[in-house]
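Chemist: 3D model of this:
(one chain, ligands or ions: 1)
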Amino acid sequence: MNIVILGAGAIGSLFGALLSKKNNVILIGRNSHIQAIGKKGLDIEGKTQMNVKILSEKSVDKVTFLPDLLILTVKSYDTYSAISQAKQLIGDNTVVLSLQNGLDNIDKIEKIVDRRQLIAGVTTHGAFFSEPGVVKHTGKGQTILGELNGWKTKRITSIIDVFNKAGIETIASEDIVREIWIKAIVNSSINSLTTFSSCKNGYLLENPILEKVVEKVCRESTNIANVYGINLSYENMIKKTKEVIRNTSDNYSSMLQSFKKGKKTEIDSINGKLADVGKKHDIDTTMNEILTYIVKFGYGE
Ligand code: NAP
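Modeler: This is a model prediction of the structure:
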C-alpha cells in the first residue's frame, strides 16, 4: 500500500517505521527530523527497537504520487493547516485516516476532504519524540479503526490487515465516533489535571483531593457525551479512566510535556470542545471550562 504520514512526530514516526516494513511509506515532518532520518535512518527505541531507512520529506509538495492512505498524525491544533497543505495529494481513491486525539479533527478535515474518503482511529500506543531522528516507543497498545458510518467495508478491512501485518495490533469498530469520545473523556480527566498539578499520571490516584477532581471531571464529561447522544455510563468511564491512570502511572501526559516545552496543547480539542458541546445543550460544564482556562492561562492567553 502507498502510504503518506502527515505529521512525523512521535506517533506518526512509530507507525511509519512499522508500516514501512511491508509498504511504500513516506513521512512528512519538520526539517530537523527529516534531515536526521536522511543521514542515519529513523531510530525507534524502547518497546520496539529498529532502525529504518524510510523516505521522508519536509513538505507534501515533494510527494509525486497520490497515496492509497494518508494518515494524519499532527496535533489537533494543526489539523486544518496540515490537511489544507495536503489537498493536492488526496485523489479520488485516497483514504484519509485521522489517528489523533480530540473531538474536532473530523470536522476540520471534512472542510477539505469528502467525508466518504475519511476514516478514523484511536490508539493506546505511547510514543515520545526523543530528538530528531529518534522516537521512543513507551507503551504497546491497541489500535481501533472504523468507518465514520460504522460499516465494515472492504477498505477498512484491508487497512486493518495492513496494520496487523506490520505488527500494529488493530481491530475494527462499528462505532469509531464513540471510541473517540471515550478517549476524549479519559484524556479530559487526566491530561489537564496532570498539567495543572505538574505531576505524573499516577499521582492523580495517590492524592485523594486530585482523585476526587478526576471523578468530578469524568462525571461531567460523561454527562456531556450522553446529552450529545453517545451513551456511556459513568461507572464504566471512571473505571476505564482509573485503569489508564494505573497503567501509565509513571508517565508524564503529553499535555504536560507540551506545556513544559512552552508548546501549544490539545486542550481546546478535549476539555474545551467538551465544554462547548455541554453549553450548547445547557448542562453543567464548570470543570471542563475551568481546566481549559487554567491550561490556557499558563501561556498568558
Ligand atoms: P507530535 O510528536 O507533536 O507530532 C506531530 C508532528 O507533526 C510534530 O513534529 C509537528 O511539528 C509536525 N507537524 C505539524 N504540522 C505539520 C505540517 N503541516 N507538516 C509537517 N509536519 C507537521 O505529536 P504526537 O505525540 O505524535 O501526537 C499526534 C496526535 O496523536 C495527537 O493528536 C495526539 O494526541 C495523538 N496521540 C499521541 C500519542 C503519543 O503517545 N504520542 C498516543 C495516542 C494518540 P511541530 O512540533 O514543529 O509543530
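
Chemist: Run through the helices of the stretch 1-150 of the chain in chain order.
Modeler: All helices of the stretch 1-150 of the chain, identified by DSSP state H, counting those that start in this stretch, fall at 10-19, 31-40, 79-85, 105-110.

Chemist: Mind putting these into a markdown table with mean pLDDT, distance to the ligand and mean neighbour count?
Modeler: Bear in mind the C-beta positions are built from the backbone N, C-alpha and C, glycine included. Formatted as a markdown table, these follow (pLDDT from 0 to 100; distance: least, C-beta to the nearest ligand atom, whole Å; neighbours: other C-beta atoms under 10 Å):
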| stretch | mean pLDDT | distance to the ligand | mean neighbour count |
| --- | --- | --- | --- |
| helix 10-19 | 98 | 4 | 26 |
| helix 31-40 | 98 | 6 | 16 |
| helix 79-85 | 98 | 4 | 18 |
| helix 105-110 | 98 | 7 | 19 |
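
Chemist: Turn these into a markdown table, columns for distance to Val4.
Modeler: Putting the helices of the stretch 1-150 of the chain into a markdown table (distance: least, C-beta to C-beta, whole Å) gives the following:
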| stretch | distance to Val4 |
| --- | --- |
| helix 10-19 | 9 |
| helix 31-40 | 14 |
| helix 79-85 | 11 |
| helix 105-110 | 14 |
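
Chemist: Count the residues that sit near Thr222.
Modeler: Thr222: 25 surrounding residues under other C-beta atoms under 10 Å.

Chemist: er, Ile144 I mean
Modeler: 21.

Chemist: go on, Lys263?
Modeler: With other C-beta under 10 Å as criterion, Lys263 counts 12.

Chemist: ditto for Pro208
Modeler: By other C-beta under 10 Å, 7 other residues sit near Pro208.

Chemist: Now for it: which residues touch it?
Modeler: Neighbour list for Pro208: empty [criterion: C-beta atoms under 8 Å, 6 or more residues apart in numbering].

Chemist: So what does it have for phi and psi?
Modeler: When read as degrees, to the nearest 10, the backbone of Pro208 gives phi -60, psi -30.

Chemist: What pLDDT is listed against it?
Modeler: Pro208 is assigned a pLDDT of 98 by the prediction.

Chemist: Now do it against Val214, distance only.
Modeler: Between Pro208 and Val214 the computed distance is 11 Å (C-beta to C-beta, to the nearest Å).

Chemist: do the same with Leu145
Modeler: Per C-beta to C-beta, Leu145 is found 29 Å from Val214.

Chemist: do Ile180 as well
Modeler: As for Ile180, its distance to Val214 is 20 Å (criterion: C-beta to C-beta).

Chemist: what does His281 give?
Modeler: His281 is 23 Å from Val214, by C-beta to C-beta.

Chemist: same thing with Asp104?
Modeler: Remark: distance between Asp104 and Val214 (C-beta to C-beta) = 23 Å.

Chemist: Where do the strands of this structure begin and end?
Modeler: 2-6, 24-28, 42-46, 50-52, 55-57, 69-72, 95-98, 118-123, 126-131, 134-139, 143-147, 170-172 (DSSP state E).

Chemist: For the third one, give me every contacting residue.
Modeler: Going back to what we said before, that points to strand 42-46. 13-14, 16-17, 27, 50-52, 54, 56, 128, 130, 133-138.

Chemist: Which among those count as buried?
Modeler: The neighbour-count test (16 or more other C-beta atoms under 10 Å) applied to the contacts of strand 42-46 identifies 13-14, 16-17, 27, 52, 54, 56, 128, 133-138 as buried.

Chemist: and the residue of the stretch 1-150 of the chain nearest the ligand?
Modeler: Gly9 (1.7 Å; C-beta to the nearest ligand atom).

Chemist: Got phi/psi on that residue?
Modeler: Dihedral angles for Gly9 - degrees, to the nearest 10 - are phi -110, psi -130.

Chemist: wait, isn't it in contact with Thr73?
Modeler: Yes - contact criterion C-beta atoms under 8 Å: Gly9 and Thr73 qualify, at 6.6 Å.

Chemist: So those two - more neighbours on which side?
Modeler: Thr73 (27 against 20).

Chemist: Contact partners for Leu256?
Modeler: Leu256 sits in contact with 191, 194-195, 198-199, where contact means C-beta under 8 Å, 6+ apart.

Chemist: how distant is stretch 286-301 from the center of its chain?
Modeler: 21 Å (C-alpha atoms, centre = their mean, to the nearest Å).

Chemist: I would like the residues contacting it, please.
Modeler: Contacting residues not belonging to stretch 286-301 are listed as 188, 192-193, 195-196, 213, 216-217, 220-221, 224, 255, 259, 262, 264-265, 267-268, 271-272, 274-275, 278 [C-beta under 8 Å, 6+ apart].

Chemist: Fine by me, we can end here.
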